[in-house]
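# What follows is a protein structure lacking sequence information:
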């Protein structure tokens, strides 16, 4: 199940990225769906590339197994953001990888990684990992 979260975690080309409110806001909005237990809605909001790799039912099952037991988010902070044009097993494109330090009711500290992909004029999630 954890491999479902590691859809696009490893990075090949890395560029410094100062972060942008738009991309960060998209990631946080998407995470709020996950936080609220709206797992199927988070799948609906993900990039088509993500949806091709993981079915909605697989995604819901994985989050019920891994994310739900962590409980409510008590704090979350973006700690880094990097831009990429190449990621393993992904088409060339524009990507932003955000790393967040997050505390949950049932886990004092975790690292979340959210990978966004530019889809037209929008940014959509293509990867999510909790460590």
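Received, thanks. Note that the coordinates shown come from a computational prediction; the quantities given were computed from them, not determined experimentally.
# so what does the top helix by length along the chain touch, helix or strand wise?
Determined from DSSP state H, the single longest helix within the chain is helix 21-35. Packing partners of helix 21-35 (3 or more C-beta pairs under 8 Å, 6 or more residues apart in numbering; DSSP states H and E): helix 39-45, strand 73-84, strand 95-104, strand 107-119, strand 122-130. The C-beta positions use only the backbone N, C-alpha and C, and glycine is treated the same way.
# tell me how far it is from the chain's mean position?
Put simply, helix 21-35 sits 9 Å off its chain's centre (C-alpha atoms, centre = their mean, to the nearest Å).
# any residues touching that helix, and which ones?
Contact partners of helix 21-35, identified using C-beta atoms under 8 Å, 6 or more residues apart in numbering, comprise 39, 41-42, 45-46, 63, 67, 72-73, 76, 78, 81, 96, 98, 100, 112, 114, 116, 122-125, 128.
# I'd like the helices and strands packed on helix 21-35 as a markdown table, with mean pLDDT appended.
Formatted as a markdown table, the helices and strands packed on helix 21-35 follow (pLDDT from 0 to 100):
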| stretch | mean pLDDT |
| --- | --- |
| helix 39-45 | 98 |
| strand 73-84 | 94 |
| strand 95-104 | 96 |
| strand 107-119 | 96 |
| strand 122-130 | 95 |
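# Go through those and name the closest to residue 55.
Nearest to residue 55, of all the helices and strands packed on helix 21-35, is helix 39-45, at 8.3 Å by C-beta to C-beta.
# So which bits of the closest one are buried?
39, 42-43, 45 (16 or more other C-beta atoms under 10 Å).
# Using TSV, lay out the residues you listed together with distance to residue 56.
What follows is the buried residues of helix 39-45, written out as TSV (distance: C-beta to C-beta, whole Å):
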residue	distance to residue 56
39	8
42	10
43	5
45	11
